[in-house]
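Undergrad: Provided below are the primary sequence and the corresponding predicted coordinates.
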Amino acid sequence: MSKLTIWKVSHGKNSFTSEERDQCLAENLAVVHGNTGRGQGEAFKAKMQVGDIIYVCHGNDAGIKVLGKIVSDAEICEDDWLQRKYKVLGKSSKPEEKYTGLRRGWSPNYNSTCFDVPNGDLELFEDEILKPFFDTTLADIGVDSRSSGDGISALTDLPSLNTIYYGPPGTGKTWTLRERAKKFGKERCVFVTFHQSYSYEDFVEGIKPKMGEVRGQLEYEIKKGLFREIVERAQKDSEVPYALFIDEISRGNVASIFGELIALIEEDKRLGEKYELTMTLPYSRESFGVPTNLYIIGAMNTADRSVEALDAALRRRFAFVEMAPDSSKIDQPSGLAADLRRLLDTINGRIERLLDKDHRIGHSYFMGLASAAEPFLELQEVFATKVLPLLEEHFYGEPPKIGMVLGPRFVKRQETGVELAIGNWSPEDSDEQQLWDVADPRDLTEEDFISVYDPDA
């Protein structure tokens, strides 16, 4: 199979009458104005080749109509209008149905006239257009579907161009970001972690000092930030997806970091969209907009801040995907009597009752135990270095609540034997503190761990 290009050609109602649309279909003609913006007219004239595949739609108001193969070069048909002939490969089984699927440059619900399907989108195009509307496949029309490895498989399940994964510690949020980033390569994605000192100048652009040519002389330059750099790279390579990954997005001051540009990341305000929006950057005074092929994917820890506490402007512009603790992902180690899934579910049920679901314990802390040489020793270490510190943070100064989560074998009242001095005061005058001992998990037995979910162990 050859590396043919697949094209969308739209005969929208703003450029064609109903009669003209019908005539083009009857004569197997794809027609595009030579001056169509964003280089689309030039693409129809010079980039599209005889043998390429096209599908014709009537915008997104009157459906997907026909699938064809280009059989002629571009010709001028009237004024600056161009036309190409195509051979019909199939007619849509749902010619009047409005497309409601994913928004891509090549999809009917995207504001484009002539747009090619990137190699990385081919399988997606097959699922979204070929199979449901033409009952055919890439192989059937002679197109090689082997992926170019451009990262699209890391994105097709995302609900939005702007997505945030949220959940308690240990649910795999950062791991998910890094796994997605691996599918892009270093040139088409960047990874950043927000923190309290991260600023607009780091993210977009700022004035930075540098040493001048004269020794000891300090000069200043406008330096591009990470966000501006990835935006410019995406704009130059618009046919493949780019991604900005932001870990700990809630730890930064999002309103300050994005500044006025927060509006530009909305899907319908991206470059080429219906409500395209650009702004002038404050330092360089250059026009700035965000392209549609740039994904912004973040992660946030709900133990630090809940989704409801996020900046309202951020919440409106992102879709949120919950990553909750999932005990089913834990493999039970052979030879370990303590049931890890029951253990985690019991602990999280009690945390949710005492506190809330945002502070539960993640499953990832237990996922390595199945491959450990000594699973119980590893379990003790996980509790000592991961689980117990989290509980002490969640219930700071309240050891009894840790006991309510783990049970009496983990937390016991301390008997000091210290008597208060006798004097001219009453017991009501004292603010006597109850002292508690929290056990070191390394000193506990396997039965003690089982007692968390089975008190009779």
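TA: Right, received. Where do you want to start? What you see is a predicted model, and the numbers here were worked out from it, not measured in a lab.
Undergrad: Listing partners with orientation, what would you give for the helix or strand hosting Ile222?
TA: Take DSSP states H and E as the rule and Ile222 turns out to sit in strand 218-224. Take DSSP bridges as the rule and strand 218-224 pairs in its sheet with strand 205-211 (antiparallel).
Undergrad: Quickly list the domain ranges of this structure.
TA: Here the domain assignment for the chain is 6-148, 154-322, 327-450, based on automatic domain parsing.
Undergrad: Can you spell out which helices and strands pack onto the top strand by length along the chain?
TA: As assigned by DSSP state E, the longest strand anywhere in the chain is strand 81-91. On a contact count with 3 or more CB pairs under 8 Å, 6 or more residues apart in numbering; DSSP states H and E, strand 81-91 meets strand 29-33, strand 64-70, strand 75-78. Glycine gets a C-beta too; all of them are placed from N, C-alpha and C.
Undergrad: mind listing what the last one pairs with, with the direction of each?
TA: For strand 75-78, the pairing partners within the sheet under DSSP bridges are strand 81-91 (antiparallel).
Undergrad: pLDDT (mean, whole number) over the next helix-or-strand element following the strand it pairs with?
TA: Going down the chain from strand 81-91, the next helix or strand is strand 114-116, by DSSP H and E. Summarised as a single mean, pLDDT over strand 114-116 is 91.
Undergrad: hey, where'd the strands end up in the stretch 101-250 of the chain?
TA: 114-116, 162-167, 189-193, 205-211, 218-224, 242-247 (DSSP state E, counting those that start in this stretch).
Undergrad: So which of the ones you listed is nearest Ala370?
TA: Closest to Ala370 of these, according to CB to CB: strand 162-167, at 22.1 Å.
Undergrad: Strand partners (parallel or antiparallel) of that closest one?
TA: strand 294-301 (parallel), strand 319-322 (parallel).
Undergrad: one step back: mind checking how far the strand holding Ile222 is from the chain centre?
TA: 33 Å (CA atoms, centre = their mean, to the nearest Å).
Undergrad: Is Leu102 in contact with Leu124, as I believe?
TA: Yes: with contacts counted by CB atoms under 8 Å, Leu102 reaches Leu124, the gap being 7.1 Å.
Undergrad: higher neighbour count, those two?
TA: Leu124 (20 against 16; other CB atoms under 10 Å).
Undergrad: my guess is that one meets Arg104, correct?
TA: Yes: Leu124 lies in contact with Arg104 (CB under 8 Å); the separation is 7.4 Å.
Undergrad: Give the closest residue to Ile246 in space, chain neighbours not counted.
TA: Gly298 (4.1 Å; CB to CB, 6 or more residues apart in numbering).
Undergrad: That neighbour - how many residues pack around it?
TA: 24.
Undergrad: Check Tyr275 too.
TA: Tyr275: 10 neighbours (other CB under 10 Å).
Undergrad: pLDDT weak spots in the stretch 301-450 of the chain?
TA: Within the stretch 301-450 of the chain, the segments meeting pLDDT under 70 span 306-309, 427-432.
Undergrad: Going along the chain, name the helices of it.
TA: For the stretch 301-450 of the chain, the helices defined by DSSP state H, counting those that start in this stretch cover 312-317, 340-354, 375-382, 388-394, 399-406, 446-450.
Undergrad: quick one: which of those is nearest Trp81?
TA: helix 312-317 (38.9 Å).
Undergrad: Go ahead and flag the most central residue of the protein.
TA: Ile297 (3.4 Å; CA atoms, centre = their mean).
Undergrad: hey, what's that one bridged with?
TA: Residues in beta-bridge contact with Ile297 (DSSP bridges): Thr163, Phe245.
Undergrad: Just confirm Phe16 is within a strand.
TA: No: assessed by DSSP: H, G, I helix; E, B strand; the rest coil, Phe16 does not belong to a strand; its assignment is coil.
Undergrad: How many residues are close by it?
TA: Neighbour number of Phe16 under other CB under 10 Å is 17.
Undergrad: So it is in contact with Cys24, correct?
TA: Yes: between Phe16 and Cys24 there is a contact under CB under 8 Å: 7.4 Å.
Undergrad: any common contacting residues for the two?
TA: Val31 (CB atoms under 8 Å, 6 or more residues apart in numbering).
Undergrad: Just the buried positions in the longest strand of the chain, please.
TA: Neighbour counts over strand 81-91 (16 or more other CB atoms under 10 Å) mark 81-86, 89-90 as buried.
Undergrad: before we move on, what about stretch 264-273?
TA: Neighbour-count burial for stretch 264-273 [16+ other CB under 10 Å]: 264-267, 269-273.
Undergrad: separation between the residue nearest to Ala30 when sequence neighbours are not counted and Ile265?
TA: Excluding the flanking residues, the one nearest Ala30 by CB to CB, 6+ apart is Val9, at 4.5 Å. Applying CB to CB, to the nearest Å, the value for Val9 to Ile265 is 29 Å.
Undergrad: Which one of the buried residues of stretch 264-273 is nearest to Leu444?
TA: Using CB to CB, the buried residues of stretch 264-273 come closest to Leu444 at Ile265, 49.3 Å.
Undergrad: quick revisit: how about CSV for the strands paired with strand 162-167, with distance to Tyr55 added?
TA: As requested, those are arranged in CSV below (distance: least, CB to CB, whole Å):
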stretch, distance to Tyr55
strand 294-301, 25
strand 319-322, 28
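Undergrad: who wins for proximity to Thr416 among these?
TA: Nearest to Thr416, of those and by CB to CB, is strand 294-301 at 37.3 Å.
Undergrad: ok, which pair from the buried residues of stretch 264-273 is furthest apart?
TA: Ile265 and Gly272 (14.1 Å).
Undergrad: circling back: of all the strands of the stretch 101-250 of the chain, which one comes closest to Asp443?
TA: Of these, nearest to Asp443 by CB to CB is strand 162-167, at 31.4 Å.
Undergrad: so the closest one versus strand 242-247, what angle?
TA: 30 degrees (axes from the mean of the first three to the mean of the last three CA atoms, to 10 degrees).
Undergrad: pLDDT averaged over strand 162-167, what's the number?
TA: The model assigns strand 162-167 a mean pLDDT of 92.
Undergrad: Can I get it in PDB? Just the C-alpha atoms.
TA: What follows is strand 162-167, C-alpha atoms only, in PDB (Å, rounded to 0.1, in the frame of the first residue of the first chain):
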ATOM      1  CA  ASN A 162      -7.100  21.200  28.000                       C
ATOM      2  CA  THR A 163      -7.300  18.400  30.500                       C
ATOM      3  CA  ILE A 164      -6.400  18.000  34.100                       C
ATOM      4  CA  TYR A 165      -6.000  14.700  35.900                       C
ATOM      5  CA  TYR A 166      -6.900  15.000  39.600                       C
ATOM      6  CA  GLY A 167      -6.900  12.700  42.500                       C
END
